[in-house]
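Asker: When you get a sec, could you give me coordinates for this:
(one chain, ligands or ions: 1)
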Amino acid sequence: MSLFKKRQTLVPEEYLPQNVGIIMDGNGRWAKKRGLPRTAGHVTGAKVFRKIAKYCDRRGIKVLTVYAFSTENWKRPQAEIDSIMNLLRDYLKESLSDFKHENICTRFIGDRTQLAEDIQALMAEAEESTAEKTGMILNIAINYGGRAEIVNAVRSMMSEGISPEDVTEQTLEQHLYTAGQPEVDLILRPSGEYRLSNYLIWQCAYAEYVFMDVLWPDFTEKDLEKAFTEYARRNRRFGGV
Ligand code: FPP
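Answerer: Residues are numbered from 1 along each chain as shown. Have a look, this model is predicted:
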């Protein structure tokens, strides 16, 4: 098939989700299947993450949020935690070089105070250096949990002295890590698991969910296009008729 014909089959931009969340799941199983340590799955998963993030920006997605490390992931063996943190370090250093040429605005969501200081400094640098980018917003969820995010928002409102009668859905939203961003349209979870795992629980109230059998390190742009096609077929009613 010619490239032109292939292009014609892509979902037109106006039918694409504006805001996409991805749970990058299946790294461990991918590695196990190959007789490799789980960390090898994360290494390949991190490469796939870079490719998919750049592709989403080129495709016109406005916001992409990836789940890189949850508040529950601290329960994993220390060696695996260290490996994910090292991949994050590599990515952050690279985001200040390679990703610098992309039009992607990088942000981090989650409680960063528990992360190593050098990582926190790199995160701040990556955010600052991409703050003026006009393309896609890339939220990387690190030490993130949806419930913790809501608790954090409530604490912020209380410490600002907002009175109970002034607490609305809008005020709460303004205190989330994702304040000012549109609601999530599509949540994508590869690896054959059918769970949200405490991800963006507020922001996903009306999201469409697409679960796929592919493991994240095997995930391709073609898989993403399949998910976009599935999303475009859905009839979103937001509680109406
Ligand atoms: C879930 O798969 C994956 C993670 C908890 C880590 C995701 C991290 C990366 C893709 C790399 C680092 C990211 C950045 C932004 C540089 P799993 O380990 O739970 O897989 P399993 O369910 O097969 O065990």
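
Asker: only C-alpha atoms for contact and neighbour calcs from this point on.
Answerer: OK.

Asker: Could you tell me which residues of the protein lie near the ligand?
Answerer: 24-29, 42, 45-46, 68-69, 84, 87-88, 91 (C-alpha under 6 Å from any ligand atom).

Asker: Filter the residues you listed down to the buried ones, PyMOL style.
Answerer: Buried residues within these, by 16 or more other C-alpha atoms under 10 Å, are selected in PyMOL with:
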select buried, resi 24+25+26+27+28+29+42+45+46+68+69+84+87+88+91
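
Asker: Farthest pair within the residues of the chain next to the ligand?
Answerer: Farthest apart among those by C-alpha to C-alpha are R29 and Y91. That separation is 22.5 Å.

Asker: next helix or strand past the longest helix along the chain?
Answerer: For the chain, the longest helix by residue count, based on DSSP state H, is helix 38-59. Where DSSP states H and E defines the elements, the next helix or strand beyond helix 38-59 is strand 63-70.

Asker: Please identify the pairing partners of that following strand and their relative orientation?
Answerer: With DSSP bridges as the test, strand 63-70 is paired with strand 19-23 (parallel), strand 137-144 (parallel).

Asker: Using PDB, write down the CA coordinates of the first one.
Answerer: This points to strand 19-23. In PDB, the C-alpha atoms belonging to strand 19-23 read as follows (Å, rounded to 0.1, in the frame of the first residue of the first chain):
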ATOM      1  CA  ASN A  19      -6.100  14.600  25.900                       C
ATOM      2  CA  VAL A  20      -4.700  11.000  26.100                       C
ATOM      3  CA  GLY A  21      -3.500   9.100  29.200                       C
ATOM      4  CA  ILE A  22      -1.300   6.000  28.800                       C
ATOM      5  CA  ILE A  23      -0.600   3.300  31.400                       C
END
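
Asker: Quick one: work out the angle between it and helix 38-59.
Answerer: Put simply, strand 19-23 runs at 170 degrees to helix 38-59, going by axes from the mean of the first three to the mean of the last three C-alpha atoms, to 10 degrees.

Asker: got a list of contacts for strand 19-23?
Answerer: 61-68, 182-190 (C-alpha atoms under 8 Å, 6 or more residues apart in numbering).

Asker: Mind giving me the ChimeraX select for these, buried ones only?
Answerer: Buried members of those, defined by 16+ other C-alpha under 10 Å, are picked up in ChimeraX with:
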select :61,62,63,64,65,66,67,68,183,184,185,186,187,188,189,190
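
Asker: quick one, strands of this structure?
Answerer: 19-23, 63-70, 105-109, 137-144, 186-189, 208-211 (DSSP state E).

Asker: Now tabulate the ones you listed in a markdown table and tack on mean pLDDT.
Answerer: Formatted as a markdown table, those follow (pLDDT from 0 to 100):
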| stretch | mean pLDDT |
| --- | --- |
| strand 19-23 | 98 |
| strand 63-70 | 97 |
| strand 105-109 | 95 |
| strand 137-144 | 96 |
| strand 186-189 | 98 |
| strand 208-211 | 98 |
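
Asker: can I get the ones you listed in a markdown table with distance to E165?
Answerer: Listed next are the strands of the chain as a markdown table, based on distance: least, C-alpha to C-alpha, whole Å:
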| stretch | distance to E165 |
| --- | --- |
| strand 19-23 | 30 |
| strand 63-70 | 32 |
| strand 105-109 | 28 |
| strand 137-144 | 29 |
| strand 186-189 | 32 |
| strand 208-211 | 32 |
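
Asker: Quickly note the distance from E94 to Q78.
Answerer: Here E94 is placed at a distance of 24 Å from Q78 (C-alpha to C-alpha, to the nearest Å).

Asker: Comparing these two, which residue is more hemmed in?
Answerer: With neighbours defined as other C-alpha atoms under 10 Å, E94 and Q78 compare such that E94 has more, 13 against 10.
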